[in-house]
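>>> Whatever this is, show me its structure:
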Amino acid sequence: MAVTIRDVAHACGVHVSTVSRTFSAPQMVNAETRTRVLAAAEQLGYRPNRAARSLTTGRTGNLGLIVADLANPFFPPLIKAAQAAARAQDYHLFVADTDEDPAEEQDLVLAFSKQVDGIVLCSPRLSNKALGKLAETIPFVLVNRRMRGVPTVVMDVAHGARTAMEHLAGLGHRRVALVSGPAGSWTSGEIRRAATDMPGVETVVFGPNAPTEQGGVAVAGQVADAGVTGVLAYNDLVAIGLIEGLEERGVRVPGDVSVIGIDDSVTGRLHRPKLTTVAMPTADAGRMAVDLLVRSMSAATVLDTHLVVRESTAPPKGSP
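Numbers count the residues shown, from 1 in each chain. You can find the predicted model right below:
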């Protein structure tokens with residue numbers, strides 16, 4: 001027969017209500033008693049009934065995680081870290097993909113609000129006004145988006161973009177293309193502000209673009225005709241697509257044009273030439289976002305980024 005809450009109470013000599021509070025409101029039980037109850041539950045193989053617990057506490061024990069595109073290699077490390085953090089705090093994590101569609105993003109938040117206790121919203125495409133209305137319906141934490149009054153975890157992509165541009169300038173590049181991301185992307189705006197503010201470097205902006213490999217391929221012709229010797233791309237996928245498109249046109253990387261991505265995804269590490277890129281701490285962001293959500297903390301956390309120099313950048317062709 002299944003082990004019940006009464007069996008656990010009997011095994012450790014406490015009232016049934018104490019066992020219940022240990023699982024539903026552990027902060028209300030002293031540490032010694034809580035440890036004894038949890039040890040007995042583990043020994044007996046007891047698992048609390050989440051449905052019953054939600055009726056008494058008003059909480060589901062579930063969290064939501066909404067990302068812009070599951071196919072983008074930027075997101076899996078974040079998702080795995082968020083899932084591990086949720087599991088460590090006795091939560092289940094539901095994951096959904098907006099396919100870069102703001103309307104779908106809004107629908108998912110509203111649907112999740114009936115099933116979860118809070119949501120981590122990664123790289124949202126909705127306006128601040130729309131996000132503000134949604135914040136009235138359910139607690140959430142934003143990843144890679146700043147918004148007043150809402151907990152956020154931001155990877156300092158502006159610093160990374162500046163470092164990338166400094167690297168290109170240091171190699172001798174004076175005319176550089178910025179291949180930006182999708183319209184409505186906060187990250188793309190941060191990259192653009194940093195990349196277009198580099199003394200001694202002329203920056204030519206191409207965009208908006210789809211944040212995919214195909215987006216990079218599509219813009220390759222414009223970049224090839226722009227007379228640039230270096231490129232900073234919105235992410236690694238765009239950079240890889242751009243390299244493919246340039247090479248199809250006989251433009252060699254890095255022999256003719258240097259290319260830098262952003263993310264430090266496994267795809268960029270495996271590509272040839274290996275991609276110079278800005279490393280983004282995605283796993284740390286996933287862990288911290290879940291921690292902020294579970295603790296109901298109103299905070300803005302900024303995570304450091306750094307440049308990883310590999311094979312896709314070199315001095316301009318013909319430089320001494």
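>>> all strands of the chain, in order?
For the chain, applying DSSP state E gives strands covering 62-67, 92-97, 119-122, 140-143, 152-155, 175-179, 202-206, 230-233, 258-263, 276-279, 300-303, 306-308.
>>> Now tabulate those strands in JSON lines and tack on distance to L38.
Using the backbone N, CA and C atoms, a C-beta is placed for each residue, glycine as well. Converted to JSON lines, the strands of the chain look like this (distance: least, CB to CB, whole Å):
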{"stretch": "strand 62-67", "distance to L38": "21"}
{"stretch": "strand 92-97", "distance to L38": "19"}
{"stretch": "strand 119-122", "distance to L38": "27"}
{"stretch": "strand 140-143", "distance to L38": "28"}
{"stretch": "strand 152-155", "distance to L38": "30"}
{"stretch": "strand 175-179", "distance to L38": "52"}
{"stretch": "strand 202-206", "distance to L38": "56"}
{"stretch": "strand 230-233", "distance to L38": "49"}
{"stretch": "strand 258-263", "distance to L38": "40"}
{"stretch": "strand 276-279", "distance to L38": "39"}
{"stretch": "strand 300-303", "distance to L38": "30"}
{"stretch": "strand 306-308", "distance to L38": "40"}
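>>> So which of those strands is nearest Q43?
With CB to CB as the measure, strand 92-97 is the member of the strands of the chain nearest Q43 (23.6 Å).
>>> contacts for the closest one?
61-70, 79, 82-83, 86-87, 108, 112, 115-116, 290 (CB atoms under 8 Å, 6 or more residues apart in numbering).
>>> and it, what's its mean pLDDT?
Averaging the model's pLDDT scores along strand 92-97 yields 95.
>>> Paired strands for it, with orientation please.
Its sheet considered, strand 92-97 pairs with strand 62-67 (parallel) by DSSP bridges.
>>> just the CA coordinates of the partner strand, formatted as PDB?
This file holds the C-alpha atoms of strand 62-67, laid out as PDB (Å, rounded to 0.1, in the frame of the first residue of the first chain):
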ATOM      1  CA  ASN A  62       5.000  24.300 -11.000                       C
ATOM      2  CA  LEU A  63       7.000  27.000 -12.800                       C
ATOM      3  CA  GLY A  64       6.900  28.100 -16.400                       C
ATOM      4  CA  LEU A  65       9.900  28.900 -18.700                       C
ATOM      5  CA  ILE A  66       9.100  30.600 -22.000                       C
ATOM      6  CA  VAL A  67      11.900  31.000 -24.600                       C
END
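>>> quick one: it to chain centroid distance?
12 Å (CA atoms, centre = their mean, to the nearest Å).
>>> which parts of it are buried?
For strand 62-67, the neighbour count (16 or more other CB atoms under 10 Å) marks 62-67 as buried.
>>> again, but for stretch 76-89
The neighbour-count check on stretch 76-89 (16+ other CB under 10 Å) flags 76-79, 81-83, 85-86 as buried.
>>> ok, so of the residues you listed, who is nearest T203?
For the buried residues of stretch 76-89, the nearest to T203 is L78 (28.9 Å; CB to CB).
>>> need the contact list for that closest one.
Taking CB under 8 Å, 6+ apart, we find L78 in contact with 67, 122, 143, 282-283, 285-286.
>>> what would those residues look like in JSON lines with pLDDT and distance to I5?
JSON lines is the format used below for those (pLDDT from 0 to 100; distance: CB to CB, whole Å):
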{"residue": "V67", "pLDDT": "97", "distance to I5": "37"}
{"residue": "C122", "pLDDT": "96", "distance to I5": "37"}
{"residue": "V143", "pLDDT": "97", "distance to I5": "37"}
{"residue": "T282", "pLDDT": "96", "distance to I5": "39"}
{"residue": "A283", "pLDDT": "96", "distance to I5": "36"}
{"residue": "A285", "pLDDT": "97", "distance to I5": "37"}
{"residue": "G286", "pLDDT": "97", "distance to I5": "33"}
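>>> what's the farthest-apart pair in those?
Greatest spacing in those, by CB to CB: V67 and A283 (13.9 Å).
>>> follow-up on the earlier one: which of the buried residues of strand 62-67 scores worst on pLDDT?
When the buried residues of strand 62-67 are compared, the smallest pLDDT is that of N62, 92.
>>> pretty sure that one is touching K114, no?
No. N62 lies out of contact with K114 (CB atoms under 8 Å); the separation is 10.6 Å.
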